[in-house]
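Participant: Quick one: sequence and predicted model below, then my questions.
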Amino acid sequence: MKFIQKKDGGAEIIFSNEEIKIITNTNKLTLNDEALRHFGNNLVKIVSEWNLNFNTKTQNLITEENQEIISDETYNK
């Protein structure tokens with residue numbers, strides 16, 4: 001998978017065909033220790049840079065515990 005950070009602060013996670021096949025067949029993506037480390041490193045990089053690009057409304061959003069996260073982009077295909 002590849003992480004692409006957009007100028008507006010958003011990000012895309014792009015999955016390979018093999019990863020899509022695994023997710024489709026198992027409804028999950030299991031990461032070993034090394035893969036999880038790389039995944040985490042990419043997330044930390046995005047988190048450390050995103051607030052610089054968010055508009056004021058997004059910068060002030062609060063997320064509640066167990067809140068379902070749905071992106072408008074998810075359904076705009």
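Facilitator: Yep, it's here. The model shown is predicted, which means the values in this text are computed figures rather than measured ones. Numbers count the residues shown, from 1 in each chain.

Participant: Low-confidence stretches in this structure?
Facilitator: Scanning the chain for pLDDT under 70 picks out 73-77.

Participant: one more time with 90
Facilitator: Low-confidence segments of the chain (pLDDT under 90): 3-13, 29, 42-77.

Participant: For it, which segments are assigned as strands?
Facilitator: 2-5, 11-14 (DSSP state E).

Participant: Run through the neighbouring helices and strands of the first one.
Facilitator: In terms of contacts (3 or more CB pairs under 8 Å, 6 or more residues apart in numbering; DSSP states H and E), strand 2-5 is packed against strand 11-14, helix 33-53. Quick note: C-beta positions are derived from backbone N, CA and C, even for glycine.

Participant: Nearest to Asn27, out of those?
Facilitator: strand 11-14 (16.4 Å; CB to CB).

Participant: I'd like the helices and strands packed on strand 2-5 as JSON lines, with mean neighbour count and distance to Ser71 appended.
Facilitator: Shown next, in JSON lines, are those (neighbours: other CB atoms under 10 Å; distance: least, CB to CB, whole Å):
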{"stretch": "strand 11-14", "mean neighbour count": "12", "distance to Ser71": "10"}
{"stretch": "helix 33-53", "mean neighbour count": "12", "distance to Ser71": "14"}
